[in-house]
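**Q** compute the structure for the input listed below.
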Amino acid sequence: MTTRAFEDYGDHAVTVAPAEQTASSRRRILIAGTIGTAIEWYDFFIYGLIAPLVFDQLFFPKFDQLTASIAVFATFAVGFLARPLGGLVFGHFGDRVGRRSVLLSTLLLMGLATMSIGLLPTYASAGVAATIALVVLRFLQGFALGGESTAAILMAIETAPGHRRGFSAAVIQAAGPVGVVLASFAALAISRLPEADLLSWGWRVPFLISAVLVALGVYMRWRIEESATFRNAGESETVPAVEAIRGHWRPILIVFFAEMAQTSYFYLTAIFTISFATRQLGVQKDVITQAVLFANLVGLVAMPLIGAWSDRIGRKRLFLAGVMLAAASMFAFYGVVASRDTLLVTGAVILAAGIIHPLMFSTEGSYFPELFPTRIRFTGVSIGKQLGTVLGGGIAPLVATSLFAQTGSTYAITGYYVALALAAMIALGFAHETSKSRLLG
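**A** Sure, this is the predicted structure:
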């Protein structure tokens, strides 16, 4: 890597010596980050795709259907509640020790938690202990993802040439849809099993497959080296979180509100829709799971393209466009899903989760880290991003289910999202563009 790659990108550069981060090293880091992140998102999302289908019967059989659905989404939200803690803990070590060690730790923890879910006894055989164990393992999944979702991105942008940071970060972000696609294939396959087989053994298989995937990811990540930008950053902060909150609270708030809008949109149009469409609207299970699958196939292609586009025209502009389109689309989304027409339902989910959402998701990968200096970058991004995820995507399905239960209307859900989108737009009004600036030292 030459120093020339960063020369035209503003102030506060971190100059990386040519011998310290070679092109082959950058490729290994990008590939290992992408594969590992895809595996982590598969592990995290397989819960979200399978739980609405069977967990109400397996772990909450004493409740009526609506209450059981709320309980399932509450357990789903536990994974998000754990993410800020995971982000804070792994962020501390990521800024103090390095990004590489965090990438290995989070992948192992996520894999063990996911496999353990697949081995759990159900309520019928273990009673409430099974439900408690499910909640604990879901917490560990979220704790691991709290570190993973930032570490891989930082490795990508801290080793990429300055004019390709948006593209490199978006490749890692596209690993999210890859993981969801893998999880969707698994959920689609088991959804076609006879009901008795699905409830007895079929639901376990996608969780147990994680063992093979995690072994592959650990092998890939063991072979990469630490980010040269991190190595050259100098002495790290003793307690990065204190410095981040004290000196960089403005970008933390910007990331927080932007992340709320981004994550809540995806979980309202994808995860919540699985339960809502099948339980309340009578849409066939395979129709909605296929729609989510197709949306993520479109998204994984769109994200690198959008990331490269952000290198040319800027991150802020594309993120704002995504927020505004998301808010506008919510006024029609649930009405289209209520039509129960296979093509219309599929098209609505693809537009929302495969095209509009990537405008935000692929862009944030480079935009958020570029707002912080290297010595507290992991911690700063993690605090804003993980808190925003909890109060956005983490509780969105639960809030939406509760709002519909109380009002019987999807307009309350639309109003809920529009409020989040407006908060994000106001916050982004205080943000600056970063695509043509060097990484802060």
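
**Q** the helix or strand where Leu137 lies: what's the following helix or strand?
**A** Assessed by DSSP states H and E, Leu137 sits inside helix 128-159. Once the chain leaves helix 128-159, the next helix or strand it forms, by DSSP H and E, is helix 165-191.

**Q** how far out from the middle of the chain is the helix holding Leu137?
**A** Relative to its chain's centre, helix 128-159 lies at 10 Å (CA atoms, centre = their mean, to the nearest Å).

**Q** give the closest residue to Ile356 in space, chain neighbours not counted.
**A** Leu325 (4.8 Å; CB to CB, 6 or more residues apart in numbering). Backbone N, C-alpha and C define where each C-beta goes, glycine included.

**Q** the one you found: neighbour count?
**A** A total of 19 residues lie near Leu325 under the criterion other CB atoms under 10 Å.

**Q** for it, give its distance to Tyr265.
**A** From Leu325 over to Tyr265 the distance is 10 Å, taken as CB to CB, to the nearest Å.

**Q** common neighbours of those two, please.
**A** Counting by CB atoms under 8 Å, 6 or more residues apart in numbering, the residues touching both Leu325 and Tyr265 are Ile356.

**Q** hang on, Met303 packs against Gln173?
**A** Yes. Counting by CB atoms under 8 Å, a contact exists between Met303 and Gln173, whose distance comes to 5.4 Å.

**Q** between these two, which contacts overlap?
**A** Phe361, Ser362.

**Q** now Glu225. Its backbone dihedrals?
**A** phi -110, psi 170 (degrees, to the nearest 10).

**Q** quick one: contacts for Met303?
**A** Applying CB under 8 Å, 6+ apart to Met303 gives the contacts Ala170, Val171, Gln173, Ala174, Pro177, Pro358, Phe361, Ser362.

**Q** go with 6 Å
**A** Ala170, Gln173, Ala174, Pro358, Ser362 (CB atoms under 6 Å, 6 or more residues apart in numbering).

**Q** now swap in Ala189 and tell me
**A** Ala189 neighbours (CB under 6 Å, 6+ apart): none.

**Q** name the SS class of Val283, please.
**A** For Val283, the secondary-structure state derived from DSSP: H, G, I helix; E, B strand; the rest coil is coil.

**Q** ugh, typo on my part, it should be Ser236
**A** coil.

**Q** ok, it touching Val97?
**A** No. Ser236 lies out of contact with Val97 (CB atoms under 6 Å); the separation is 8.6 Å.

**Q** those two: who's more crowded?
**A** It is Ser236, of Ser236 and Val97, that has more neighbours when counted by other CB under 10 Å, with 20 against 13.

**Q** okay, the more buried one: pLDDT?
**A** At Ser236, the pLDDT value in this model is 74.

**Q** just confirm the residue nearest to Ile356 contacts Pro358, I think it does.
**A** No. Leu325 is not in contact with Pro358 according to CB under 6 Å; the separation is 10.9 Å.

**Q** return the set of buried residues in the helix or strand containing Ala302.
**A** For Ala302, the element it lies in under DSSP H and E is helix 285-313. For helix 285-313, the neighbour count (16 or more other CB atoms under 10 Å) marks 285, 287-300, 302-304, 306-311 as buried.

**Q** so how far is that helix off the chain centroid?
**A** Per CA atoms, centre = their mean, the centroid offset for helix 285-313 relative to its chain is 13 Å.

**Q** I'd like the next helix or strand past that helix.
**A** helix 315-337.

**Q** how near is Tyr141 to Phe185?
**A** Just to correct that, residue 141 is Gln rather than Tyr. 20 Å.

**Q** okay, those two: which has more neighbours?
**A** Neighbours were tallied for Gln141 and for Phe185 using other CB under 10 Å; the higher tally belongs to Gln141 (30 against 14).

**Q** hang on, the more buried one packs against Phe80?
**A** No. With contact defined as CB under 6 Å, Gln141 and Phe80 do not form a contacting pair (9.9 Å).

**Q** measure stretch 384-395 end to end?
**A** Terminal residues of stretch 384-395 lie 16 Å apart, using CA to CA, to the nearest Å.

**Q** next one: stretch 191-209
**A** Taking CA to CA as the measure, stretch 191-209 stretches 16 Å from start to finish.

**Q** nearest spatial neighbour of Leu351, skipping sequence neighbours?
**A** Nearest one to Leu351, counting by CB to CB, 6+ apart, is Ser329 at 6.9 Å.

**Q** list the buried residues of stretch 335-354.
**A** For stretch 335-354, by 16+ other CB under 10 Å, it's 336-338, 345-354.
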